[in-house]
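# give me a 3D structure for the following:
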Amino acid sequence: MRAGYGIPVPEEPEESLAEAFWAVTRELRHRSRDALAPWAVTPSQSRALWILLRHGTMRLRDLAEHLRIAPRSATEVVDDLEARGLVERGPDPEDRRATLVHLTDQGREIGAAVRAARSADAEGFFGRLSDADRADLARILRTLRR
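Predicted coordinates for the structure are as follows:
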């Protein structure tokens, strides 16, 4: 205890690791939303664009797995992107029941621009850390994600 005007005042507990993690997560979410604003895409749409940029045409079910969301939710993301002309759906020639999703030229352009903006923002955010700290943080987060 520390004294405050002669009255014992309890020590403030240090922020827990979980509290610090959630605070950083909130900050990253806000920064991400701001970085996506010029293109009016949501974080889920941004991730879908990135996955399609990285992996190319894929089945809707596979996109849902990459996004780690239910297929129904992936359908909603793709519906929104399709309405904006960023992706197109087509039949899978190997399985008539399956649907393939691919980026349009505009989708590739916006996806690349969004990716660049998010990367620049992340570089600014994590740039406060030394290279060694960044490497350690990346290693720790990958361990926790497994």
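
# from here on, contacts and neighbour counts on C-alpha atoms
OK.

# could you list the low-pLDDT ranges of this structure?
Filtered on pLDDT under 70, the chain yields the residue ranges 1-6, 8-13.

# now R96: how far from R59?
Taking C-alpha to C-alpha, to the nearest Å as the measure, R96 falls 11 Å from R59.

# so if I had to pick from these two, which one is more boxed in?
R59 (17 against 9; other C-alpha atoms under 10 Å).

# my guess is that one contacts R97. True?
No: look at R59 against R97 with C-alpha atoms under 8 Å: they stay out of range, at 10.5 Å.

# what lines up beside the top strand by length along the chain in the sheet?
For the chain, the strand that runs over the most residues, judged by DSSP state E, is strand 95-103. Its sheet considered, strand 95-103 pairs with strand 58-59 (antiparallel), strand 87-92 (antiparallel) by DSSP bridges.

# show me where the chain has its helices.
Under the criterion DSSP state H, helices of the chain are mapped to 17-36, 43-55, 60-67, 71-83, 105-126, 131-145.

# and those: which comes nearest R89?
Closest of the helices of the chain to R89 is helix 71-83, at 7.9 Å (criterion: C-alpha to C-alpha).

# list of residues touching that closest one?
Residues outside helix 71-83 that contact it (C-alpha atoms under 8 Å, 6 or more residues apart in numbering): S44, Q45, A48, L60, R61, L63, A64, E65, L67, V87, E88, R89.

# can I get those residues in CSV including neighbour count?
Output for the contacts of helix 71-83, formatted as CSV (neighbours: other C-alpha atoms under 10 Å):
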residue, neighbour count
S44, 15
Q45, 21
A48, 23
L60, 20
R61, 19
L63, 24
A64, 19
E65, 13
L67, 17
V87, 23
E88, 18
R89, 17
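
# among those, which pair sits farthest apart?
E65 and E88 (18.6 Å).

# what's the burial count for the closest residue in space to Q106 that isn't next to it in sequence?
Residue nearest to Q106 in three dimensions, not counting chain neighbours: L86, with 5.7 Å by C-alpha to C-alpha, 6 or more residues apart in numbering. Other residues near L86 come to 22 when the count uses other C-alpha under 10 Å.

# turn the strands paired with strand 95-103 into JSON lines, columns for distance to I110.
Shown next, in JSON lines, are the strands paired with strand 95-103 (distance: least, C-alpha to C-alpha, whole Å):
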{"stretch": "strand 58-59", "distance to I110": "19"}
{"stretch": "strand 87-92", "distance to I110": "11"}
